[in-house]
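> Turn this into a model:
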Amino acid sequence: MQKQRAETIVAQATPPGPGGVGVVRLSGPDAREILASLFHPAHSGFIGFRPRFMHHGELLDRGGRAVDEVLAVFFPGPASFTGEDVAELHCHGSPAVLREAVEAAHAAGARPAERGEFTRRAYLNGKLDLAQAEAVAELIAAPGREAAEQASARLAGMLSGRVDALREELVHLRTAFCLAVDFPEDEVECAPPDKIGGRLQSVLQEVRRLTSAAGRGKLVREGALVVLAGRVNAGKSSLLNALLGRERAIVSECPGTTRDYLEEACLLDGLPARLVDTAGLRETQGEVELEGVRRSRELLDAADLALLVLDASAPPFAAEAALAEELGPSRCLVVMNKADLPGAVDEPPPEFSGFPWVRVSARSGRGLDTLSRAAREMAEGSAGAAEAAEVAPNRRQARALERAAVELEELLRDQSAGVPPDLLGVRLESACAALEEVSGRIAPEDVLEEVFTSFCIGK
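Next comes the predicted model:
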């Protein structure tokens, strides 16, 4: 682990813009002295900063003038977030006041913090491992409750604990391989090959269980891509507006109003989703409309779920049935829209047999709750089982786990083929190294740059 530079850094720790409260944070060896230079206590008996105690007073600018009424707190290292001395000024959330506080701290000797530098210092000083550090940024950016719960679980070390336990099991198994390599002619007590293979298989199954949860983690962090498709004038834009609860798409009786796609974020029964309204299915020779249809097909190919909107009052549905067949029932939800109109059919015709479906009226709002629940269940199903979702790895962590799984699969094949123990040990070392990347025991500088530059400044 790298040795941290002995510099004191400063940044605004709360989001930019006006707010009720704004926080300016310092970390480093001079944090206490710089805090003292910016703070004038309100209490005459003040004799210094008590650790983790809020002191009331005034913020002083670079010229020593009072600019705000504040609370100051000091966290001595190593019992702090970064493991260093940390100081905070809790000001009123005026951008001008917060800017003055940062500039005054800079004038007193602190340098502006880089993106994610506070959390990076926590990692380098052993306060967090890399998976926990990533969870900090993911918790801040969580779009919904489940994403926040997953990030909190990883911040508490649940993923790291699971992965470290698997690594420890591989370390124990490595001893058996080493004995066979170091004492090939001696009768040393080693676990029989079938028992070693069984233990390796158990580790592999657990690694696969974790990687299978990555899809669900991605779903709740980034949102499901849900694409509305169907004929022109089936009511796709009206359904988009109804699900959003506002007029986002232009609705017209004129066919082909939507020529490009519209994308909006929403919650479907609590699940974050990116809802996309696409150009309607139809035969056309217009260059602009053809491009809209082409983009619609690309989006459908990438979608976690397609809402195939049918005008229930205007059968037949030959074009929609053909599209449904292409998509398959696992990611195509048939939406019988305009169910409140005279002559609307009660259910889809036989060509949609096996496809899940719901009846709705985008105009009246009928059936929208049922649609949202069904969409959530199908999107979650496409992301894989919810097993181990509380420790669902992110993309970087899933890549490392996948490499570990591949090495273990190859190791088991090699063992069955009678490959010598020294070569089996190489596979085992590679699997251990991949698992160590998850928690950051092994973390190249480019990986750290990728992780921490994605943070906001001040965290």
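> Select the longest helix from this protein.
helix 158-182 (DSSP state H).
> What mean pLDDT does that helix get?
The average pLDDT within helix 158-182 is 79.
> I'd like the numbering to begin with 169 instead of 1 from here.
Okay, residue one is now 169; in that scheme the one you just asked about reads as helix 326-350.
> What score does Arg322 have for pLDDT?
On the pLDDT scale, Arg322 gets 89.
> Which residue ranges make up the domains of this protein?
Here the domain parsing of the chain from automatic domain parsing is 177-295, 307-381+558-608, 391-550.
> Out of the ones you listed, the one nearest Val615 is which?
For Val615, the closest of these is domain 307-381+558-608, at 7.4 Å, according to CB to CB. Using the backbone N, CA and C atoms, a C-beta is placed for each residue, glycine as well.
> Which residue ranges of the stretch 269-418 of the chain form strands?
Assigned by DSSP state E, counting those that start in this stretch, the strands in the stretch 269-418 of the chain fall at 279-280, 392-398.
> I'd like to know which of those is closest to Ser521.
Proximity to Ser521 (CB to CB) singles out strand 392-398 among those, at 18.6 Å.
> who's in contact with that closest one?
Identification of contacts with strand 392-398 by CB atoms under 8 Å, 6 or more residues apart in numbering yields 404, 407-408, 436, 439-446, 448-449, 464, 467-468, 470-479, 488, 491, 503, 543, 547, 551.
> buried subset of those?
Neighbour counting by 16 or more other CB atoms under 10 Å classes 404, 407-408, 436, 439-446, 448-449, 464, 467-468, 471-479, 488, 491, 503, 543, 547, 551 among the contacts of strand 392-398 as buried.
> In strands, which of those residues fall?
436, 439-445, 473-479, 503 (DSSP state E).
> Quick one: list the elements packing against the longest helix of the chain.
helix 298-309, helix 361-380, helix 589-607 (3 or more CB pairs under 8 Å, 6 or more residues apart in numbering; DSSP states H and E).
> want to throw the ones you listed into a markdown table with mean neighbour count?
Supplementary listing: those in a markdown table, determined by neighbours: other CB atoms under 10 Å:
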| stretch | mean neighbour count |
| --- | --- |
| helix 298-309 | 22 |
| helix 361-380 | 17 |
| helix 589-607 | 20 |
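> To Thr621, which of the domains of the chain lies closest?
domain 177-295 (5.1 Å).
> Span of that closest one from start to end?
18 Å (CA to CA, to the nearest Å).
> How far off centre is that domain?
Centroid separation between domain 177-295 and its chain, computed with CA atoms, centre = their mean, to the nearest Å, is 29 Å.
> Give me the mean pLDDT for that domain.
Mean per-residue pLDDT for domain 177-295: 94.
> State the distance from Arg342 to Ala204.
53 Å (CB to CB, to the nearest Å).
> what do you get for Ala482?
According to CB to CB, Ala482 and Ala204 sit 75 Å apart.
> do Ala269 as well
14 Å.
> For those two, indicate the residue with more neighbours.
Ala269 (25 against 16; other CB atoms under 10 Å).
> show me what contacts the more buried one?
Contacts of Ala269 (CB under 8 Å, 6+ apart): 180, 192, 206, 227, 236, 257, 259.
> between those residues, which is nearest Glu515?
Gln180 (57.1 Å).
> Now do the contacts for that closest one.
190-193, 266, 269-270, 625-626 are the contacts of Gln180 under CB under 8 Å, 6+ apart.
> Ala512 too?
480-481, 504, 506.
> from the residues you listed, which would you call buried?
Buried among the contacts of Ala512 by 16+ other CB under 10 Å: 480-481, 504, 506.
> which two in these are spaced the farthest apart?
With distances taken as CB to CB, the most widely separated pair in these is Ser481 and Met504, at 9.6 Å.
> which neighbours do the two share?
Going by CB under 8 Å, 6+ apart, residues that sit against Ser481 and also against Met504 are 512-513.
> re earlier: now the domains of the chain in TSV, with distance to Thr621?
Putting those into TSV (distance: least, CB to CB, whole Å) gives the following:
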stretch	distance to Thr621
domain 177-295	5
domain 307-381+558-608	13
domain 391-550	23
